Structure formats: structure tokens, C-alpha cells
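Participant: Sequence and predicted structure below; questions after.
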Amino acid sequence: MSPYAMSMLLSSLSAGTIITLTSTHWFLAWVGLEINTLAMVPLMSKMQHPRATEAATKYFLTQATASALLLFAAATNAWYTGEWTIMNMQSNAPSLMLMIALMIKLAVAPFHLWLPDVIQGLDLMTCLILSTWQKLAPFALLIQVNSELNSSLMTFMGVVSIIVGGWGGLNQPQMRKMMAYSSIAHLGWMIIVLTHSSNLMMLNLSMYLIMTSSMFLMMMSLLSTNINKTSISWMKNLPLMSMMMVVLMSLGGLPPMSGFLPKWLVLEEIVKQNMVVIATIAALSTMLSLFFYLRLTYTVSLTTSPTISTSKVLWRLKMNANKVLSMMVIMSTMLLPLTPTILNLF
């Protein structure tokens, strides 16, 4: 793709998200989401491959459906209340339609089925954008209207997302699908705590963005798209593979890594809300996600695929240093001692 076209698409992607983040009018929020979607589709189909075309088509259809439902919910709310202000959602029907539209955009269960297939057909950089940047605009709308949403239904969808995200990634040999189900599971934690504490949701989202970005950047550096390729990547860059195993443990929420911080605080908050059963289900379902992270770690560290002997000297080659990746990895693993400071920031 031409650099001019790429810069135009990335600028449109940023502009669409910023318009949605700063808007207080439903029509402007919808326009921002549409600009975001229309900029994302060419980025998805730039690989000139049937899988990429299929992924772009699926993404466009699901996002168009969600955007149409969101616009219909906004119009219905304007019919009831006489205004288009985002904060003014006073009727049950528009609130329910809006919640479903945003859940489709975020790929929260049971509206998650499009995400693994779409991510599998994309290159790793587009996967990174889809898993991180594309979550910002829908979450901005959710934070603004969370007081009018059905908290019981939100909690139910969050628990289902955690279970589906852990269960779906168990036997995945593809790294991109594994990260898709990891995204679904992490979104479940955010949805559970959203109606009780939006600050904790923002903290959880920030940690998710950091850990997912570092994971995708490492996959891009090592060119690993499935478990077999990942298992021999230690020959390319041994320190980076060692850090990948630590980041995987952080994604699973093991202490003392940074990923333990949001899960710990979310469990504490929902226990305070007398949701002990929900907290127990969420904590046990995390074991499913932790299992496939541990399986990948075991494959990388304790198994070696048959290779030719000359490939074992690849780690001696000079690798280009990536300062962004280094910072992301440090933040993904070492933020737990800074918990009081981080809580004061949020």
C-alpha cells in the first residue's frame, strides 16, 4: 500500500475515534464510529489475499449492523426525550438496543463470533489495531451511558465473555485466534465492573492495551503466527522469547506481574457489591485462560521442533532494538508495586 494512502487511513482512524470520544451528540458519535469502520476496512484488505478479503467483509457487515442499531437506538431515544444528548437515555428500549450495538462492536459474548475469524485473516499490525485502538470509541460511549444500562444484563454478558474467552482458546494452535479469545475474556472483566466503577474499568482497559500491544509487537518481531513457529523462535531472539513467557503470565493474571493488578481490584470491587458467586465464577474461569497461556509457555520453553543445526546460531545475529516494545514489556510486567500510585491516577 502507498505510504500516502496508509497515512490517510491511519489519520481517518484516529479522527473517527477522537470525534466519538469528544462528542456529546449521538449523531456525531455515530459519524465517528462510521469513519473508524470505513478507514479500517482498506487496512484489513491490503494483503490481497482471500482470507483478508473475507475478514474485511465480515468486519464491515458486523460493524454496519451495530452502527445501524446504534443509530436506530439514538433516533428512538430522541423520539422519546426530544433531544440527541448522549447522557440522556431515559427509556429501556433505546438503552437495550444501544447496549447490544456496543457489545457487537466490542465482540463481547454472545456477540463475539466474528472476532476470531476476522483476526485470523489479518496481518499482525492490523490485528494490533483491531484489538487495541478499536476498543476505545465504544468504551467511551459505554462510560457515558453506564448509569442508564441494565447492570444485571451487563454482568451476565461479562461472565459469559470470561467463560467463552477461556474455553474458546483452549485448543487453538493459531496465535492470532488465541489473542482474540484472550481479548474476549479481558473484555468480560471490564464489562462486569463497568456499572460499579468506571475508574476500575479504565484501569483494566489500560492494562489490557499495554499487555496486548506488547504481545503483538513481540509476535511481529519474531514473525510467529502459530505455536509451531513460536516454539522455534527462541533461536531468533532468546531474551525476547524469555520476556514473552513472562508477558503471557501477566496476561493470565499471575502475581507479581502487572496483569494481576486489574483482576485483583475487580474481584475486590464485585465482592464489595455482594456478588460473591460472580467473583467465584470469574476467578475460576480465569484458570481456563491461564491454561492456554501456560500451554504456550510450555511449548516455547520445554519443547523443540526438529530443525536443521545451522538454524541454532540465529540468536547470535544482531537484532534491531525496539524501544517501544521494551517499554511495553516493562509496563506489562513491573507495575504491581505501583498500585497505590496508579489508583490515585484513576
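Facilitator: Done, it's in. Keep in mind it's a predicted model, so treat the numbers as computed, not measured.

Participant: Show me which helix runs longest in the protein.
Facilitator: As assigned by DSSP state H, the longest helix anywhere in the chain is helix 50-81.

Participant: Give the buried residues for that helix.
Facilitator: Buried residues in helix 50-81, counted by 16 or more other C-beta atoms under 10 Å: 52, 54-56, 58-60, 62-63, 66-67, 69-71, 73-74, 76-78. (Glycine included, C-beta is placed from N, CA and C.)

Participant: So what are the structural domains in this protein, by residue number?
Facilitator: 1-129, 150-346 (automatic domain parsing).

Participant: Can you measure across the shortest one, start residue to end residue?
Facilitator: Read it as domain 1-129. End-to-end distance of domain 1-129 (C-alpha to C-alpha, to the nearest Å): 17 Å.

Participant: do the same with the longest one
Facilitator: The stretch domain 150-346 measures 24 Å between its terminal residues, going by C-alpha to C-alpha.

Participant: So for that domain, mean pLDDT?
Facilitator: The average of the pLDDT scores along domain 150-346 is 84.

Participant: And for the shortest one?
Facilitator: Per-residue pLDDT values over domain 1-129 give a mean of 89.

Participant: which stretches of the stretch 1-150 of the chain form helices?
Facilitator: 3-22, 26-44, 50-81, 92-106, 114-120, 124-131, 136-145 (DSSP state H, counting those that start in this stretch).

Participant: now the longest one, how far from the centre of its chain.
Facilitator: Relative to the mean C-alpha coordinate of its chain, helix 50-81 is positioned 19 Å out (C-alpha atoms, centre = their mean, to the nearest Å).

Participant: packing partners for it?
Facilitator: helix 26-44, helix 92-106, helix 114-120 (3 or more C-beta pairs under 8 Å, 6 or more residues apart in numbering; DSSP states H and E).

Participant: what would these look like in CSV with mean neighbour count and distance to S131?
Facilitator: Output for the helices and strands packed on helix 50-81, formatted as CSV (neighbours: other C-beta atoms under 10 Å; distance: least, C-beta to C-beta, whole Å):
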stretch, mean neighbour count, distance to S131
helix 26-44, 20, 12
helix 92-106, 20, 11
helix 114-120, 21, 7
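
Participant: do you know which of those lies nearest T341?
Facilitator: Closest to T341 of these is helix 92-106 (C-beta to C-beta; 28.6 Å).

Participant: quick revisit: present the helices and strands packed on helix 50-81 as a markdown table; the columns should include distance to L267.
Facilitator: Below are the helices and strands packed on helix 50-81 laid out as a markdown table (distance: least, C-beta to C-beta, whole Å):
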| stretch | distance to L267 |
| --- | --- |
| helix 26-44 | 32 |
| helix 92-106 | 21 |
| helix 114-120 | 25 |
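
Participant: quick one, phi psi at T132?
Facilitator: phi -120, psi -70 (degrees, to the nearest 10).

Participant: before we move on, which element is the closest residue in space to it that isn't next to it in sequence in?
Facilitator: Leaving aside its sequence neighbours, T132 sits nearest to L209 (C-beta to C-beta, 6 or more residues apart in numbering; 5.0 Å). According to DSSP states H and E, L209 maps onto helix 198-222.

Participant: quick one: buried residues of that helix?
Facilitator: Quick answer for helix 198-222 (16+ other C-beta under 10 Å): 198, 200-222.

Participant: so that helix versus helix 136-145, what angle?
Facilitator: 170 degrees (axes from the mean of the first three to the mean of the last three C-alpha atoms, to 10 degrees).

Participant: distance between stretch 325-341 and the chain's centre?
Facilitator: 18 Å.

Participant: contacting residues around that stretch?
Facilitator: With contact meaning C-beta atoms under 8 Å, 6 or more residues apart in numbering, stretch 325-341 is reached by 207, 210-211, 213-214, 217-218, 221, 243, 246-247, 250, 255-261, 342.
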